[in-house]
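# have a look at this fold, sequence not included:
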């Protein structure tokens with residue numbers, strides 16, 4: 001039964017996300033007059049990509065699924081994977097983070113690392129150009145991470 005729990009939790013998260021997006025997309029939003037839209041801004045009707053996180057709970061194969069970063073941070077998870085649950089396009093923040101990572105990390109990898117606390121890039125020194133790019137991507141993607149200041153200091157030290 002324990003091994004089914006994470007699968008059921010993820011299925012519930014996906015179903016809830018689909019239902020919520022269906023509910024919100026069915027509501028009519030007042031159209032913004034074209035004169036007040038930002039120049040060059042296109043209305044696409046897409047939602048930003050959202051994730052659920054499957055994190056190891058310690059030794060062994062046990063995992064737990066989280067739907068928010070803060071829940072994974074609170075449990076101090078050190079190894080997580082990210083699974084897309086809803087959304088079809090990157091938000092501006094997500095796109096900026098992927099650009100800052102400059103080919104060293106995908107959106108899914110940045111999301112998984114953002115869920116981690118006390119491990120990986122959040123506690124390691126930045127020693128290479130690729131590590132610096134990943135750190136820049138994480139700083140752009142995870143502004144509320146509890147170890148953000150430490151990573152920012154490590155990046156500043158590397159850049160000298």
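The structure has been received and is ready for your questions. Predicted model only: the values in this text are computed from it and were never measured.

# what bits of the protein have low per-residue confidence?
1-45 (pLDDT under 70).

# most centrally placed residue in it?
residue 111 (3.0 Å; Cα atoms, centre = their mean).

# wait, doesn't that residue sit right on residue 51?
Yes - with contact defined as Cβ atoms under 8 Å, residue 111 reaches residue 51; the gap is 4.6 Å. C-beta here means a position set from N, CA and C on the backbone, and glycine is covered the same way.

# what's the overlap in contacts for those two?
residue 82 (Cβ atoms under 8 Å, 6 or more residues apart in numbering).

# how about the helix or strand hosting the residue nearest to the centre of the chain: buried residues?
Here residue 111 sits within helix 107-115, counting by DSSP states H and E. Neighbour-count burial for helix 107-115, counted by 16 or more other Cβ atoms under 10 Å, picks out 107, 109-115.

# ok so, going back, mind checking the SS state of the residue lying closest to the residue nearest to the centre of the chain once chain neighbours are set aside?
Closest residue in space to residue 111, ignoring its immediate chain neighbours: residue 82 at 3.8 Å, by Cβ to Cβ, 6 or more residues apart in numbering. The three-state label given to residue 82 by DSSP: H, G, I helix; E, B strand; the rest coil is strand.
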